[in-house]
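In: I'd like to go over a predicted model; first the sequence, then the structure.
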Amino acid sequence: MREIDLVAVGGNLGSIRRAFERLGVKMRTVLRSCDFSGDRPVVLPGVGAFGATMNSLERTGLSPCIVGAVKAGMPFLGVCVGMQLLFDSSEESPGVRGLGIIPGEVVRFSRGKVPQIGWNMIEPARPGLEAGYAYFVNSFHCVPRDPEAVLYRGNYHGRFCAAVARDNVTAYQFHPEKSMEFGQGLLGRWVDAL
Amino acid sequence: MLCKRIIPCLDVAEGRTVKGIRFQELRDVGDPVEQACAYQSQGADELVFLDISATNEGREAMLNAVEAVAARLMMPFTVGGGVSSVERASRLLERGADKVAVNTAAVERPELIDEIASCNGSQCCILAIDARRKGSSWEVLTHGGRRSSGRDAFEWAKEAVSRGAGEILLTSWDRDGTLSGFDLNLTRIFSTGLPVPVIASGGAAGPEHFLKVFKEARADAALAASIFHDGRFTVREIKEELKRNGVEVRL
């Protein structure tokens, strides 16, 4: 059975675990650096604040493990705050440095109700992908410095980056595990490509 | 563009879905998992389970029902009813609920909202308000509508948001069970005056009511129970009618 390291630094991880288990994947919980295998694909979910979650990654020694695994070419999937942590910094937590894996910053929605809660249509930024409805809960969104990193775009009182992909890194701002068959399909394709 | 959400609500007692009029004359109507899956396949955007159990055993049964529902649903769901402590909220979330809704306990001790939000995030803390018209404003009712708290509903909503509530579930006690449509004035005041999403509830009987609450009262989501339980309309039928009238929905 295929195994994946699930970085469990807070929040409710039950639903993402179940979504992967439906795909026949075994999720190994990673709470601190000694749990980290270094030779398995990595999923970093996350609910909560950018700064608090980043502090947990630093305190548990997981931050350098994740950066090292990504640099070594290990497949990596970030979800929600787990996507935002890939960037350099966030307006949510000024002064806190992110993992710095994808150059750019995380900014707050400047219009509409915040957080954005609910289903939003996302459109692919690359050929060969399908549009679909994804479930979002976010006050902040990522702005990659390199527009080529964008995988999906959404529109919430203006366009925003809904997903990024670069080399071995994929990350979704929405919750694929809560996005019906569309979300399950995205996770399935990520697993199939491992 | 963000879609308007349609949210069926299921009453649960002792771990079984039940039906009654204002919590009276309850009768067992089924298994929460089966009903949740039926609504999911009809195109519901989220679900709300309202636990009306009167006993500790009933509340334990709710935790098991939450776990069973979470194993099958691929969309978010909320649990309300009897959420009186951060421990209870955390247990519901650990067992698989995405959000909890607080009501009476938060009126009695508003710090509960701060605690749930700081422990689990604002996104999973919904404040449910049962509002009854009083002159030109609305007052907050507690204990399933049986008691008046004397608080102004809009002021309470603003305070709750500042404490960390991420959404407001707003039920019109004047309209609930009347099938006469959502209270548009109430919904509009809250939805346009608050910085967080507002879920309108109480009074829905047909697609025209949903259309009005989104177009005229600018609700972010609408919740209903009996219209769906009784099978008068499916969620999909409501959404198709909304889409024909230019409301953005997920179909």
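Out: Sure, I can see it. Numbers count the residues shown, from 1 in each chain, chains lettered A, B, ... in the order given.
In: identify the residues contacting stretch B:64-73?
Out: A:14-15, A:18, B:12, B:15, B:32-33, B:36-37, B:40, B:47, B:49, B:77, B:79, B:92, B:95-97 (CB atoms under 8 Å, 6 or more residues apart in numbering or on different chains). For glycine as for every other residue, the C-beta is placed from the backbone atoms N, C-alpha and C.
In: one more time with 10 Å
Out: By CB atoms under 10 Å, 6 or more residues apart in numbering or on different chains, the surrounding residues in contact with stretch B:64-73 are A:12, A:14-15, A:18, A:21-22, A:178, A:180, B:10, B:12, B:14-17, B:31-37, B:39-40, B:44, B:46-47, B:49, B:51, B:77, B:79, B:91-98.
In: what's the local residue count around residue 191?
Out: Defaulting to chain A. Each residue near A:Val191 was counted by other CB atoms under 10 Å in any protein chain shown, and the total is 17.
In: should've been chain B
Out: Other residues within reach of B:Ser191, judged by other CB under 10 Å, total 23.
In: report the buried residues of the helix or strand where B:Ser41 lies.
Out: According to DSSP states H and E, B:Ser41 maps onto helix B:32-42. Buried residues in helix B:32-42, counted by 16 or more other CB atoms under 10 Å in any protein chain shown: B:32-33, B:35-36, B:39-40, B:42.
In: quick check, nearest of those to chain A?
Out: Chain A lies nearest to B:Gln40 out of these, by CB to the nearest CB, at 7.8 Å.
In: what sits against the closest one?
Out: So B:Gln40 contacts A:180, B:8, B:46-47, B:69, B:72-75, B:77, B:235 (CB under 10 Å, 6+ apart).
In: so how do I select the buried members of those in ChimeraX?
Out: Restricted to buried positions by 16+ other CB under 10 Å, the ChimeraX selection for the contacts of B:Gln40 reads:
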select /A:180 /B:8,46,47,69,73,74,75,77,235
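In: in TSV, list the buried residues of helix B:32-42 along with pLDDT.
Out: What follows is those, written out as TSV (pLDDT from 0 to 100):
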residue	pLDDT
B:Pro32	92
B:Val33	94
B:Gln35	93
B:Ala36	95
B:Tyr39	96
B:Gln40	97
B:Gln42	96
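In: quick one: low-confidence ranges for chain A?
Out: A:10-12 (pLDDT under 70).
In: ok, now with 90
Out: Counting by pLDDT under 90, chain A has low-confidence residues at A:1, A:8-16, A:18, A:34-38, A:46-49, A:52, A:115.
In: ok, back up a step: with distance to A:Arg166 and secondary structure added, can I get the contacts of B:Gln40 in CSV?
Out: As requested, the contacts of B:Gln40 are arranged in CSV below (distance: CB to CB, whole Å; DSSP: H, G, I helix; E, B strand; the rest coil):
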residue, distance to A:Arg166, secondary structure
A:Met180, 27, helix
B:Pro8, 40, strand
B:Glu46, 32, coil
B:Leu47, 36, strand
B:Val69, 37, helix
B:Arg72, 34, helix
B:Leu73, 32, coil
B:Met74, 27, coil
B:Met75, 29, coil
B:Phe77, 34, strand
B:Val235, 38, helix
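In: including distance to A:Thr29, could the contacts of B:Gln40 go into a markdown table?
Out: What follows is these, written out as a markdown table (distance: CB to CB, whole Å):
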| residue | distance to A:Thr29 |
| --- | --- |
| A:Met180 | 26 |
| B:Pro8 | 33 |
| B:Glu46 | 27 |
| B:Leu47 | 28 |
| B:Val69 | 23 |
| B:Arg72 | 22 |
| B:Leu73 | 22 |
| B:Met74 | 22 |
| B:Met75 | 24 |
| B:Phe77 | 24 |
| B:Val235 | 36 |
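In: now A:His175: how far from A:Val143?
Out: Here the criterion is CB to CB, to the nearest Å. By it, A:His175 lies 20 Å from A:Val143.
In: quick one: contacts for B:Val196?
Out: The contact partners of B:Val196, taken as CB under 10 Å, 6+ apart, are A:113-115, A:117, B:122, B:126-127, B:157, B:160-161, B:165-168, B:190, B:220.
In: model confidence for it, exactly?
Out: As predicted, B:Val196 sits at a pLDDT of 95.
In: got phi/psi on it?
Out: B:Val196 has phi and psi values of phi -120, psi 160 when expressed as degrees, to the nearest 10.
In: can you confirm B:Thr19 is in a helix?
Out: No Thr there; residue B:19 is Lys. No: with DSSP: H, G, I helix; E, B strand; the rest coil as the criterion, B:Lys19 is located in strand rather than a helix.
In: so after the helix holding B:Ser41, what's the next helix or strand?
Out: Next along from helix B:32-42, by DSSP H and E: strand B:47-51.
In: what angle do helix B:32-42 and that following strand make with each other?
Out: Using axes from the mean of the first three to the mean of the last three CA atoms, to 10 degrees, one finds that strand B:47-51 and helix B:32-42 are set 160 degrees apart in direction.
In: now do strand B:47-51, average pLDDT.
Out: Average pLDDT, strand B:47-51: 95.
In: next, the buried residues of it.
Out: B:47-51.
In: next helix or strand past the strand or helix carrying A:Cys161?
Out: Per DSSP H and E, A:Cys161 falls inside strand A:159-166. Proceeding N to C from strand A:159-166, the next assigned helix or strand is strand A:169-172, under DSSP H and E.
In: tell me, how many residues neighbour the residue in the stretch 151-251 of chain B positioned nearest to chain A?
Out: Proximity of the stretch 151-251 of chain B to chain A (CB to the nearest CB) peaks at B:Arg250, 4.4 Å away. Using other CB under 10 Å, the number of residues around B:Arg250 comes to 24.
In: and the helices in the chain?
Out: By default, I'm working from chain A. Remark: helices assigned in chain A by DSSP state H are A:14-22, A:50-59, A:62-71, A:81-84, A:180-192.
In: if you could check chain B rather than the one you did, that'd help
Out: Ranges of helices within chain B are B:32-42, B:56-72, B:86-94, B:104-108, B:111-120, B:153-163, B:184-193, B:207-215, B:226-229, B:235-244, based on DSSP H.
In: using TSV, please lay out the buried residues of helix B:32-42 together with distance to B:Leu211.
Out: Converted to TSV, the buried residues of helix B:32-42 look like this (distance: CB to CB, whole Å):
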residue	distance to B:Leu211
B:Pro32	29
B:Val33	31
B:Gln35	25
B:Ala36	26
B:Tyr39	20
B:Gln40	23
B:Gln42	18
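In: and which of the residues you listed is nearest A:Glu123?
Out: Proximity to A:Glu123 was ranked across these by CB to CB; first place goes to B:Gln40, at 24.6 Å.
In: list the residues that contact B:Asn245.
Out: Taking CB under 10 Å, 6+ apart, we find B:Asn245 in contact with B:207-208, B:210-211, B:214-215.
In: that concludes my questions; thank you for your assistance.
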